[in-house]
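Enquirer: Predicted model and sequence follow; I will ask about them next.
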Amino acid sequence: MSEVRLQVKHVSKNFGITKALKDVSFNINKGEVHALIGENGSGKSTMTNMLTGIYTLESGQFILDGKEANEEGISIIVQELGTLSGLTVAENIFLGHEDQFVHLGIKNTAAMNKKANELLQSYGFDKIKAGDMIDDYNFEDRKLVEIVKATYFNPKIVVVDETTTALSQEGREELYKQMNRVRDNGNTVIFISHDLPEILDKSDTITILRDGVYIDTVKSKDVTEDDLKK
Ligand code: ADP
Ligand code: MG
């Protein structure tokens, strides 16, 4: 039996008169890539943005491993650029978590860069150097930095929201590899994509939303592209 990681319970969200999510409830398990699908505007990003604290949760609950979820242990890779200009690669990776490199009020940049370079090497992203300005890299390489930033600390849930559309095949393969690694560690990927063949190939479970309403949760191996288009 698979163990539940996240319970989405009666989650609703309105933007003015727009009902983006209407009383949505379903479960997401540990050790799975769980896809969220549905037409544009069906509420996928609203859901994951509330889970990661980008939007406030108004009604309903997210229960993570049996407890009310806060943002801890949850990370997100967004479609847009998710790294900050004017900072180095290492500063981007450890943004908000620099404390570990501060001693007696002084940031040990050498130690931070060393750790970041070790991480980049462990991912096989050796071409990216920790001490360089993030602005020296193109969109694709900055996405690789985001992948490291979102996964290095072994989070319980990693959200991948429409990231693959912006990537080349090579970048996609890198992302899939890391998604599998998260799953193989017993953690969870929430995977949002428009690409149905990709969804069927890379996910274990699929939840379908339509106009903010929960439709169904199915096993990827039990459905075809045609089933999902209905
Ligand atoms: P999806 O990610 O499935 O394409 P979204 O969650 O982005 O859908 O959007 C769901 C609905 O909520 C849409 O009608 C969208 O216009 C609306 N919406 C999303 N974010 C905002 C926002 N920040 N302000 C106002 N409306 C929003
Ligand atoms: Mg979206």
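Expert: It's in. Ligands and ions are numbered 1, 2, ... in the order given.

Enquirer: Let me know the helix or strand that Met179 is in.
Expert: Taking DSSP states H and E as the criterion, Met179 maps to helix 169-184.

Enquirer: same for that helix, what does it pack against?
Expert: strand 33-37, helix 139-151, strand 157-161, strand 188-192 (3 or more CB pairs under 8 Å, 6 or more residues apart in numbering; DSSP states H and E). Heads up, the C-betas are built off the backbone N, CA and C, glycines and all.

Enquirer: closest one to Leu84 among the ones you listed?
Expert: Closest to Leu84 of the helices and strands packed on helix 169-184 is helix 139-151 (CB to CB; 9.9 Å).

Enquirer: Report the buried residues of that closest one.
Expert: Applying a neighbour-count criterion of 16 or more other CB atoms under 10 Å, the buried positions in helix 139-151 are Asp141, Arg142, Lys143, Leu144, Val145, Glu146, Ile147, Val148, Lys149, Ala150, Thr151.

Enquirer: now do stretch 214-230
Expert: Under the neighbour-count criterion of 16+ other CB under 10 Å, stretch 214-230 has Tyr214, Ile215, Ser220, Val223, Leu228 buried.

Enquirer: Can you list which of those are found in helices?
Expert: Helix and strand membership here follows DSSP state H; of these, those in helices are Leu228.

Enquirer: Can you pick out the most distant pair from the buried residues of stretch 214-230?
Expert: So, the buried residues of stretch 214-230 by CB to CB: farthest apart are Tyr214 and Ser220, at 17.5 Å.

Enquirer: Contacts made by stretch 142-149 with the rest, please.
Expert: By CB atoms under 8 Å, 6 or more residues apart in numbering, the residues outside stretch 142-149 that reach it are 75, 77, 81-83, 89, 92-95, 116, 119-120, 123, 125, 128, 134, 137, 163, 166-167, 171, 174-175, 178.

Enquirer: Mind checking which of these are buried?
Expert: Buried by 16+ other CB under 10 Å: 75, 77, 82-83, 89, 92-94, 116, 119-120, 123, 125, 128, 134, 137, 163, 167, 171, 174-175, 178, out of these.
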